[in-house]
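> one predicted model, sequence on top.
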Amino acid sequence: MNKTVNINIGGLFFHIDEDAYQKLSRYFDAIKRSLSNSSGKDEIMKDIEMRVAELLTEKQKSDKHVINNKDVDEVIVVMGQPEDYRIDDDGTESKSEPFFAATGRKKLYRDKDRGLIGGVCTGLGHYFGVDAVWIKIIFLLLAFTSFGVIAYLILWIATPKAVTTSEKLEMTGEPVTISNIEKKVREEFESVSNKFKNANYDEMGNQVKNGAERVAGGLGDVIMKIFGAFAKVLGAIILVFSAMSLAGLFIGLFTFGTTSFIDAPWQRYVEAVNYTDIPLWAFGLLAFLAIGIPLFFFLLLGLKLLVSNMKSLGAAVKYSLLAIWIFAVGSLVVIGIKQSTESAFEGKVVTKETINIQPTDTLKIKFVSNDFFSKNVYEHEEFIFTQDSAKNEVIYSNQISFEIKSTDKTEPYLQIEKLADGKSFKEANERAEKIKYGFKIVGNQLLLDNYLLTEMASKFRDQRVELYLYLPKGTVFVADETVQHFDESDNDFFNLHHSSDEYIYKVDENKVKCLNCPADENEYNDVEGGVQTEEINIIDETDSTETVTVKINGKVVTETKSGKKDKKGKLTVGSDGVIIKTE
């Protein structure tokens, strides 16, 4: 069995038997002798060793594979014999090709020597067999998209640079043989030498300058064309948007402004919320000028982007439109301020009406509607325009609130507060005085209107009525189901149970209590979240013990009691959560 030797060829380690090692050493020595008079001998030998290392790597079937004579012979066949590739100084070969010529196979590398930036485009040109100029043009066009830049960077990072002579031969598809390696190295040396010998530095400077100018000019033309196309598209978008906006603005504001001249259904509602005395057509015109003039200039901008030789407006027209726009915007600001000040103050008119009922009577509270205006007591309108029975135009509204409070007086009374907004307290109070609201006391019934009326001249200024029913301690009352739609009482004092209108309430010292509400509806809350109890019967037998379980708010409470025979009782939980036994 032959001995094995570990050798380093081209930076790679190989296990090789002794006979194969001696043959490979003689092969390298023969190559060195054939290159003894060649310029760049060291560079050629380095490239040959790297190529041999690549071929030997392909022969390895595993990490423990040992290179033998057969592997070395196959490498020599591919690389050729040294005497077959001797190149004289005049550049002629002694023999044209080895008997077994290796065919070239292209590999993708970056050609840094001929590339401008990273050599990606030039390397792709070698690989696909096309002029690198076309590849550069494609990447230049794609550079205006994120894809082009990302693709170039990925290729730059992933593609290795052709550094050695073997890699440069593989990049162009030439066979990596001794003759080609030597020829390539000699050509590079001669090229560099000739450049230094024949260099005309002034001419080179001019060529570089002219080339840079051509590249910059061509790049500038491409960029200008791309930006020109983008400007055309942008101009078309701006033109369409501006034209449609102007048309819509004109139609909308024209329709809005002409309500002053025609009897439109919505005219009264628009005028009702117009707190100023400015006609609607004037407001519409100012709004059209304030919004339309900027849209008009956008329209001109779109036309200029589409039509390059379009004439511009004169300075007089521009400054005139600017002055009109400033006037319109300023007027709208003034109108807005005036509109807000028209409702800056709140007026209030208060009246009190005593409710004459016996202390032992149960007061019944109910809201009623007027069949002339609405047959549904639950209907709620913020404000509408209608006519009363005398054919007078009025504003109808259901802005009514109701609240129950306690009083130290001996008799209950109803406090009616009429409220409205205005630009001053005086005007607001005058508008509040014109609110019409009615109620009736029929026996022990308090019948409250569910609406208010005011005249058209008052316009809509958030007119509303707030009702406060003051009840002395001990007063018993019943709230009709209609009350819940208007009730805004403090829940800590009076919590109206919505589950029934037959519950009886009594005014206590600090709160109103429900006298006949179910056990699962305490006086604070009649919905989920309050104290919930389960009532059960307890049967106590003589000398016996009973365990009672009660659920309170989802928690189980267990009580064990002893008692006498035939004694029955009930276990309940009070409002404070205390378990109470009743006989």
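Great, that's in hand.

> do a quick rundown of the helices in the stretch 51-200 of the chain.
69-79, 120-128, 132-142, 146-158, 165-172, 178-197 (DSSP state H, counting those that start in this stretch).

> now the second one: buried residues?
Buried positions in helix 120-128, judged by neighbour count with 16 or more other Cβ atoms under 10 Å: 120-127. In short, each C-beta sits where N, CA and C put it, glycine included.

> still on that earlier bit, which stretch in the helices of the stretch 51-200 of the chain has the least confidence?
Across the helices of the stretch 51-200 of the chain, helix 178-197 has the smallest mean pLDDT, namely a mean of 59.

> alpha carbons of stretch 283-292, in CSV - could you do that?
C-alpha atoms of stretch 283-292 as CSV (Å, rounded to 0.1, in the frame of the first residue of the first chain):
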residue,chain,number,x,y,z
PHE,A,283,-72.2,82.7,1.1
GLY,A,284,-72.3,80.3,-1.9
LEU,A,285,-70.5,82.8,-4.1
LEU,A,286,-67.8,83.4,-1.5
ALA,A,287,-67.2,79.7,-1.0
PHE,A,288,-67.0,79.1,-4.7
LEU,A,289,-64.3,81.8,-5.1
ALA,A,290,-62.3,80.6,-2.0
ILE,A,291,-62.2,77.0,-3.2
GLY,A,292,-62.6,77.5,-7.0
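
> contacting residues around that stretch?
With Cβ atoms under 8 Å, 6 or more residues apart in numbering as the test, stretch 283-292 has contacts from 246, 249-250, 253-254, 256-257, 274, 324-325, 327-329, 331-332, 335.

> flag every buried residue along that stretch.
Residues 283-292 are the ones in stretch 283-292 that count as buried (16+ other Cβ under 10 Å).

> start to end distance for stretch 25-45?
The first and final residues of stretch 25-45 sit 13 Å from each other (Cα to Cα, to the nearest Å).

> what's the burial count for Tyr27?
Other residues within reach of Tyr27, judged by other Cβ atoms under 10 Å, total 19.

> again with the one 3 residues further on
The number of residues packed near Ala30 is 13, by other Cβ under 10 Å.

> quick one: list the elements packing against the host helix or strand of it.
Using DSSP states H and E, Ala30 maps to helix 18-34. Applying 3 or more Cβ pairs under 8 Å, 6 or more residues apart in numbering; DSSP states H and E, one finds that helix 18-34 makes contact with strand 4-9, helix 41-59, helix 69-79.

> now the closest residue to Leu124 other than its chain neighbours: how far from Phe13?
Spatial nearest neighbour of Leu124, chain neighbours left out: Ile135 (4.9 Å); criterion: Cβ to Cβ, 6 or more residues apart in numbering. Look at Ile135 and Phe13: by Cβ to Cβ, to the nearest Å, they are 39 Å apart.

> more crowded one of those two?
Ile135 (18 against 9).

> so who does the more buried one touch?
Ile135 neighbours (Cβ under 8 Å, 6+ apart): 121-122, 124-125, 128.

> against Gly173, how distant is it?
17 Å.

> could you do Ser499 as well?
Applying Cβ to Cβ, the value for Ser499 to Gly173 is 93 Å.

> my guess is Ile365 contacts Leu448, does it?
Yes: here Ile365 reaches Leu448: they are 7.3 Å apart, a contact under Cβ atoms under 8 Å.

> re the thing from before, tell me what angle the helix holding Ala30 forms with strand 4-9.
With axes from the mean of the first three to the mean of the last three Cα atoms, to 10 degrees defining the directions, helix 18-34 sits at 30 degrees from strand 4-9.

> look up the pLDDT of Val307 for me, please.
On pLDDT, Val307 comes in at 77.

> pull the number of nearby residues for it.
11.

> sorry, back to before: by neighbour count, which of the contacts of stretch 283-292 wins?
Leu253 (21 neighbours).

> what's the helix or strand for it?
Per DSSP H and E, Leu253 falls inside helix 201-257.

> next up, the contacts around the closest residue to Leu24 other than its chain neighbours.
Leaving out its chain neighbours, the residue that sits closest to Leu24 by Cβ to Cβ, 6+ apart is Val72, at 5.2 Å. Each residue near Val72 by Cβ under 8 Å, 6+ apart is listed here: 20, 23-24, 27.

> try 10 Å this time
For Val72, the contacting residues are 16-17, 19-24, 27, 52, 55-56, 59, by Cβ atoms under 10 Å, 6 or more residues apart in numbering.

> what's near enough to touch Phe298?
Phe298 neighbours (Cβ under 10 Å, 6+ apart): 238-239, 241-243, 245-246.

> ok so, going back, now the residue nearest to Leu24: how far from Glu379?
The gap separating Val72 from Glu379 is 106 Å, by Cβ to Cβ.
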